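Chemist: Sequence first, predicted model second:
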Amino acid sequence: MTKSAKTFLALSLVCLAAGFTGPGSAILWGFLKPLGAIFFILFFITNLLAEPIAQFNEEAAARKSGTSAPTPPSARRDGDNGRMTVAPRAA
């Protein structure tokens, strides 16, 4: 887990726990419960996107160093216009 994901999870738990107490419910008319839910959503999105972000960072580092990143076997470059096209699947 990344540092930001741990931070979002900790903030979520603290806000939700404080929101369910008597004084916590009175703070800003119960603002801590929705704030805890927002932090939990941010934690969930961070965990959901952790793998694609790591893959993007590897590809960006490979492009920066001059080596080519591996391309999927079903993709090829169109020589005329440089666009990426997908080869049809074999049935």
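Modeler: That came in fine, so what should we check first?

Chemist: for stretch 6-22, which positions count as buried?
Modeler: 8-9, 11-12, 15-16, 18-19 (16 or more other CB atoms under 10 Å). The C-beta positions use only the backbone N, C-alpha and C, and glycine is treated the same way.

Chemist: ok, now stretch 21-38?
Modeler: Buried residues in stretch 21-38 (16+ other CB under 10 Å): 24, 32, 35-36.

Chemist: shaky segments in this structure?
Modeler: The chain contains residues with pLDDT under 70 at 68-88, 90-91.

Chemist: Just the element for residue 44, please.
Modeler: helix 32-48 (DSSP states H and E).

Chemist: Same question for residue 58.
Modeler: helix 50-65.

Chemist: angle of that helix against helix 32-48?
Modeler: On the basis of axes from the mean of the first three to the mean of the last three CA atoms, to 10 degrees, helix 50-65 is oriented at 50 degrees to helix 32-48.

Chemist: List the contacts of the residue positioned nearest the centre of the chain.
Modeler: Closest residue to the average C-alpha location of the chain: residue 49 at 2.5 Å, with CA atoms, centre = their mean. Contacts for residue 49 (CB atoms under 8 Å, 6 or more residues apart in numbering) come out as none.

Chemist: Next: residue 32.
Modeler: 15-16, 18-19, 24-25 are the contacts of residue 32 under CB under 8 Å, 6+ apart.

Chemist: Distance of it relative to residue 39?
Modeler: 10 Å (CB to CB, to the nearest Å).

Chemist: Now for those two: what residues contact both?
Modeler: Joint contacts of residue 32 and residue 39 (CB under 8 Å, 6+ apart) are residue 15.
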